[in-house]
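# sequence first, predicted coordinates after that:
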Amino acid sequence: MIEQLRPGVSAKNARLVLFDFDGTISVIRSGWMDVMVPMMVGILADLKSGESEEELRGIVEEFVGRLTGKQTMYQMVELAEHVEARGGTPLDPLEYKKMYLDLLHVKIRHRLDELESGQAPPEKYLVPGARKLLESLKARGLKMYLASGTDQIYMRKEARLLDVDRYFDGGVFGALDDYKSFSKKILIQQVIAKAECKGDQFLGFGDGYVEIENVKEVGGVAVGVATAEPECRTVDEWKRTRLASVGADFIIPNFLNHGELMAALFQNGQ
């Protein structure tokens, strides 16, 4: 199902496509929030601030969700601020990020092992229909960029394991420890500054509000991938609400209707 929120919107001028990675193309890290949120709740609960675990979970889920799509470090910076606000002495946010990544690695190690050994095909960990859409966009001659809030060293490896890195001739970009030196917004601004593209020539796909907001800010067309992970068969209403609120032009649960989506985007039946 393709939900068009803004009738008449067209990407026929698009020359460049920006994709988010986790939750938009890849489900290797599906369930990451179930690792990050309990870790943070535990850290805050240890401070004995008088708040219930339920109250702390609500606070953590709010800022983790609000910052989804940005580099992971932003969530860790906010965690450190909450620790300090409760009278604690926070660790360096990089330390919190390392703790989180170590826990996440335990959760996803078997998925990486399956891909590396060839036991599982890449399609097992791709959002359904993603490859066919990437091939259709490539055939149209669009320059494609992949950008993620996940650390660059990991997401480049995962994109390679999924055999999707080859579609992104514009580059594959992820988070750096110096988190202020890269963002999806900075990438878009750099592309515009190089005169590669004007705002209305941008097309963006993402499951986090950050990339949708960034594409809309420059006048591009944005497709919200509100997929309910890990099956990716239906729309996640929480994602849909957030993506619609920042201007998504289309909402989809996956890319299985890629032909219909291409027609809706470019209005030429391709």
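Happy to help now that I have it. Residues are numbered from 1 along each chain as shown.

# ok now the helix or strand bottoming out on mean pLDDT in the chain, how far from the chain's centre?
Lowest by mean pLDDT, DSSP states H and E among the helices and strands of the chain is helix 184-193, with a mean of 74. On the basis of Cα atoms, centre = their mean, to the nearest Å, helix 184-193 sits 17 Å off its chain's mean C-alpha point.

# now that helix: buried residues?
184, 185, 187, 188, 191, 192 (16 or more other Cβ atoms under 10 Å). Quick note: C-beta positions are derived from backbone N, CA and C, even for glycine.

# so who does the fourth one touch?
Contacts for residue 188 (Cβ atoms under 8 Å, 6 or more residues apart in numbering) come out as 18, 202, 214, 215, 218.

# from those, which would you call buried?
Buried among the contacts of residue 188 (16+ other Cβ under 10 Å): 18, 202, 214, 215, 218.

# just those residues now: which is nearest residue 42?
residue 214 (32.2 Å; Cβ to Cβ).

# now that closest one: how far from residue 3?
21 Å (Cβ to Cβ, to the nearest Å).

# longest strand in this structure, by residue count?
Counting residues, the longest strand found in the chain (DSSP state E) is strand 143-151.

# ok, residue 187 touching residue 146?
No: at 10.2 Å, residue 187 does not count as touching residue 146 under the criterion of Cβ atoms under 8 Å.

# give me the common contacts of the two.
Counting by Cβ under 8 Å, 6+ apart, the contacts common to residue 187 and residue 146 are residue 173.

# can you list the buried residues of helix 184-193 in CSV and add distance to residue 77?
CSV is the format used below for the buried residues of helix 184-193 (distance: Cβ to Cβ, whole Å):
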residue, distance to residue 77
184, 17
185, 17
187, 20
188, 22
191, 26
192, 27
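
# now, which of these sits nearest residue 103?
The closest of those to residue 103 turns out to be residue 184 (Cβ to Cβ; 25.2 Å).

# that closest one and residue 212, how far apart?
Taken as Cβ to Cβ, the span from residue 184 to residue 212 is 10 Å.

# is it true that residue 167 touches residue 132?
No: counting by Cβ under 8 Å, residue 167 stays clear of residue 132, with 11.3 Å between them.
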